[in-house]
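Asker: I need the structure of the sequence given here:
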Amino acid sequence: MEDAQNFLLSSGDNEAFSKKIEKSLKFFAISRGDSKAMVFLGLYLDKMGQSKELGQWIEKAKAADLKDNDGYAAHALLGEIYLEGLLQKQNIKEGLELLNIAASAGNPGAHNLLGGWYRDKGDLQKAEEHYRRAARLGKTEAYSKLAKIEITRGNIPEAISLLEEAALWDDTNAIRMLIEGYDKNGWAGSPDPDKSAYWFKQLLESYPCEVKDLLFIARSYMEGAYGLPVDEQESGKWLDRLTGVEMDNAEDKQVVASAVLNSALVNDPARREMALKILQESAETGDAAAIKTLGEIYLKPDFPGYDTKKALLWLTKGAEAGDQQAMLSLSSLYMAGHGVEASTKQGEFWLQKAAEAGNPEAIKRVKAMKNARP
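Answerer: Residues are numbered from 1 along each chain as shown. Here you go, the predicted model:
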């Protein structure tokens, strides 16, 4: 289902992959009666221009939930979609209604989402109620969220107890929080290097683990965090493990690529090219974050592939797509004639655009520029 969701969130211009997604969704929706697949199939057909099919498949999905009563999976999925405006226009009322139906049927994911909703609204009591139900139903990540509430309340012993319980179930998010909590200036209040080191060892032993865990480990060695010595070789080993992980999530890939490009590992030609390739593939699909990163990285004087022409290319794309920082950087390039023919007109144009977009630094510069003129 993750492939389907990633496809629905993308530009969707890969015809071969599109057909593969359609075939898979129809198999699970029709042959297996999977209610979540029915929702995704409706969304897929809507994306392909068959909008009438969406409502039909959503009703079929809801009916399948009522028939199977298996945690009301489609209700929980649709609730998340409407609540967060993921693949359809945001509809908070409908989203909450669907999530409450799924939660009443014992869906841990629905309780987890409702916990997040109430937490963001400042209702910690209701948030706690839903997170505790989610945890009891097997959603171990809810323990970490309960711990964050207790940290907010200043109840550190309870937060630690919750995280340790989650860690027993190999919840690596809880383990990372314990590592950070016992570190100097950590949320636990009193640093304990031995406990921080103990939980870091537990994280290492959780391998193979998720992308975020591998990245956390690599960065820890890269920066010499949590009492570790700076060890570029060990950091490189964990980043190499990352490159061997199948990552469908474009955001995960970009995080890994950025980590390589902003560390000493950038001096390794093979790793550098791998990272640039990841970012360029995302940037060519119009991904704003990847475009911004490429524009900034090519502009760094200490970057081995320093290239102001490429920086100009990607910054222009970013600025034209509405990225404030890209507009500001582009303005600076034109003003200084750095890698491009100096043009006060172009420099002021992009500075004004950045200011109009609300960039604080650009607003400040525009004001100073106007004050300096007679």
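
Asker: Against which helices or strands is the helix or strand encompassing Ile149 packed?
Answerer: For Ile149, the element it lies in under DSSP states H and E is helix 141-153. If contacts are counted by 3 or more C-beta pairs under 8 Å, 6 or more residues apart in numbering; DSSP states H and E, helix 141-153 sits against helix 108-120, helix 124-136, helix 156-168, helix 172-182. For glycine as for every other residue, the C-beta is placed from the backbone atoms N, C-alpha and C.

Asker: Go through those helices and name the closest to Ile21.
Answerer: For Ile21, the closest of the helices and strands packed on helix 141-153 is helix 108-120, at 22.3 Å, according to C-beta to C-beta.

Asker: Quickly find the element holding Lys212.
Answerer: helix 211-223.

Asker: Identify each buried residue in the helix or strand just after that helix, please.
Answerer: Where DSSP H and E defines the elements, the next helix or strand beyond helix 211-223 is helix 232-243. For helix 232-243, a neighbour-count test (16 or more other C-beta atoms under 10 Å) marks 234-236, 238-243 as buried.

Asker: What is the nearest of those to Gly33?
Answerer: Taking C-beta to C-beta as the measure, Leu242 is the one of the buried residues of helix 232-243 closest to Gly33, at 37.2 Å.

Asker: Could you measure from Glu94 over to Asp34?
Answerer: Using C-beta to C-beta, to the nearest Å, Glu94 is found at 22 Å from Asp34.

Asker: same check, this time on Ala289
Answerer: On the measure of C-beta to C-beta, Ala289 and Asp34 end up 32 Å apart.

Asker: These two: which has the busier surroundings?
Answerer: Neighbours of Ala289 and Asp34, each counted by other C-beta atoms under 10 Å, are more numerous for Asp34; the result is 22 against 17.

Asker: Compute the number of surrounding residues for the residue nearest to the more buried one when sequence neighbours are not counted.
Answerer: In space, Asp34 comes closest to Phe28 once its chain neighbours are excluded; the distance is 4.2 Å by C-beta to C-beta, 6 or more residues apart in numbering. If you count neighbours by other C-beta under 10 Å, Phe28 ends up with 18.

Asker: Just confirm Phe28 contacts Tyr44, I think it does.
Answerer: No. Look at Phe28 against Tyr44 with C-beta atoms under 8 Å: they stay out of range, at 11.8 Å.

Asker: Select the longest helix from this structure.
Answerer: When the chain is parsed with DSSP state H, its longest helix is helix 52-68.

Asker: next SSE after it?
Answerer: Later in the chain than helix 52-68, the nearest helix or strand by DSSP H and E is helix 73-84.

Asker: could you say what helices and strands that next one packs with?
Answerer: Counting contacts by 3+ C-beta pairs under 8 Å, 6+ apart, helix 73-84 packs against helix 35-47, helix 52-68, helix 92-104, helix 108-120.

Asker: Let's see that with 10 Å instead.
Answerer: On a contact count with 3 or more C-beta pairs under 10 Å, 6 or more residues apart in numbering; DSSP states H and E, helix 73-84 meets helix 2-9, helix 35-47, helix 52-68, helix 92-104, helix 108-120.

Asker: for Lys89, helix, strand, or coil?
Answerer: Three-state assignment for Lys89 (DSSP: H, G, I helix; E, B strand; the rest coil): coil.

Asker: Please report the distance of it from Leu330.
Answerer: Lys89 sits at a distance of 33 Å from Leu330 (criterion: C-beta to C-beta).

Asker: In terms of neighbours, single out the busier of the two.
Answerer: Leu330 (28 against 7).

Asker: picking up where we left off before, angle of the longest helix of the chain against helix 35-47?
Answerer: For helix 52-68 against helix 35-47, the angle by axes from the mean of the first three to the mean of the last three C-alpha atoms, to 10 degrees is 170 degrees.

Asker: that older thread, so for the helix holding Ile149, what gets flagged as buried?
Answerer: Within helix 141-153, judged by 16+ other C-beta under 10 Å, the buried ones are 141-151.

Asker: can you tell me the average pLDDT over that helix?
Answerer: In this model, helix 141-153 has an average pLDDT of 94.

Asker: now it against helix 156-168, angle please.
Answerer: Relative orientation of helix 141-153 versus helix 156-168 (the same axes, to 10 degrees): 160 degrees.

Asker: Keeping just the C-alphas, turn helix 141-153 into CSV.
Answerer: Presented in CSV, the C-alpha positions along helix 141-153 are these (Å, rounded to 0.1, in the frame of the first residue of the first chain):
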residue,chain,number,x,y,z
GLU,A,141,4.9,4.3,19.2
ALA,A,142,2.1,5.7,21.4
TYR,A,143,4.3,5.2,24.4
SER,A,144,6.8,7.7,23.0
LYS,A,145,4.0,10.2,22.5
LEU,A,146,2.7,9.7,26.0
ALA,A,147,6.3,10.3,27.2
LYS,A,148,6.4,13.6,25.4
ILE,A,149,3.2,14.7,27.2
GLU,A,150,4.8,13.7,30.6
ILE,A,151,8.0,15.6,29.7
THR,A,152,5.8,18.7,29.0
ARG,A,153,4.2,18.2,32.4
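
Asker: tilt between it and helix 172-182?
Answerer: Per the same axes, to 10 degrees, the angle that helix 141-153 makes with helix 172-182 is 30 degrees.

Asker: burial count for Glu223?
Answerer: Glu223: 12 neighbours (other C-beta under 10 Å).

Asker: can you pull the contacts of the closest residue to it other than its chain neighbours?
Answerer: Counting by C-beta to C-beta, 6+ apart, Glu223 lies nearest to Val230, which is 7.1 Å off, once chain neighbours are set aside. Residues near Val230 by C-beta atoms under 10 Å, 6 or more residues apart in numbering: 221-224, 264.

Asker: State the pair within these that is farthest apart.
Answerer: Farthest-apart pair in these is Gly224 and Ala264; separation 12.0 Å (C-beta to C-beta).
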